[in-house]
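[1] Predicted model and sequence below, questions to follow.
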Amino acid sequence: MAYILTVNDKTPVNGNNCFIAPNATIVGDVVMGDECSIWFNAVIRGDVNFIRMGNKVNVQDNAVVHCTYQLHPTHIGNNVSIGHNAIVHGCTVHDNVLIGMGAIVMDRCVVHSNSIIAAGAVVLEGTIVEEGSIYAGVPAKKVKDVSQEKINGEINRIANNYVKYSSWFAQYNEAK
């Protein structure tokens, strides 16, 4: 069963139709919207500040979402995919964003809507990711604009797929 823990009188709250993997960890002041999924070994730590997640957010295997004590909460919009082994820390991620596998988004960053953070990218503290752009590299820099094809073919496809994958587990658990 997932580790869902109260810290400093704050208990995580999730919306409707969410999937939380049996070995995921969610602690403290975390509020997530509807159709979110927190996958195997993912950690969402709202212990030192708050974390707010919109609808249809997926936090994939081994990813970490955290915040900075008394300084920087974490805000995640709607329709956001956080790839395997990614770290999202003390920042704001707007709607329709894909954060690639192993990427790191650091404190005070703002990732505007319809953007992609490439796999392995390191978005340094305080970076403002332009709306509709792809950032890649270490440190991450804008490499190009996101086409409508990429918004539909990557950002929306992955977010929708994770809602579908979640339903597979819900059906299995209901059948037991």
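    Structure received.

[2] Paired strands for the longest strand along the chain, with orientation please.
    Determined from DSSP state E, the single longest strand within the chain is strand 43-53. Applying DSSP bridges, strand 43-53 is found paired with strand 25-32 (parallel), strand 64-66 (parallel), strand 74-76 (parallel).

[3] what bridges to the closest residue to Ser166 other than its chain neighbours?
    Sequence neighbours aside, Phe19 is the residue nearest to Ser166 in space, at 3.6 Å (criterion: Cβ to Cβ, 6 or more residues apart in numbering). C-beta: built from backbone N, CA, C; applies to glycine. Counting by DSSP bridges, Phe19 forms beta bridges with Ser37.

[4] quick one: contacts for Phe19?
    Contacts for Phe19 were tallied using Cβ atoms under 8 Å, 6 or more residues apart in numbering; they are 36-38, 165-166, 169-170.

[5] Next, format the strands paired with strand 43-53 as CSV and append mean pLDDT.
    As requested, those are exported to CSV (pLDDT from 0 to 100):
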stretch, mean pLDDT
strand 25-32, 98
strand 64-66, 98
strand 74-76, 98
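
[6] Could you pull out the helices in this protein for me?
    148-150, 157-175 (DSSP state H).

[7] What is the neighbour count of Lys164?
    By other Cβ atoms under 10 Å, 8 other residues sit near Lys164.

[8] Next up, the contacts around it.
    Taking Cβ under 8 Å, 6+ apart as the definition, Lys164 has no contacts.

[9] Contacts only, for the residue nearest in space to the middle of the chain.
    Nearest to the mean C-alpha position of the chain, by Cα atoms, centre = their mean, lies Ile82 at 4.1 Å. Ile82 sits next to 57-60, 63, 65, 76, 88, 99 when contact means Cβ under 8 Å, 6+ apart.

[10] Scan those residues and report the most crowded one.
    If you rank the contacts of Ile82 by neighbour count (other Cβ under 10 Å), Val59 sits at the top with 31 neighbours.

[11] How many neighbouring residues does Gly126 have?
    What Gly126 shows, counting by other Cβ under 10 Å, is a neighbour count of 11.

[12] ok, for it, nearest residue in space, not its chain neighbours?
    Nearest non-adjacent residue to Gly126, counting by Cβ to Cβ, 6+ apart: Arg108, 4.5 Å away.

[13] so what's the one you found up against?
    Applying Cβ under 8 Å, 6+ apart to Arg108 gives the contacts 72, 90-91, 125-126.
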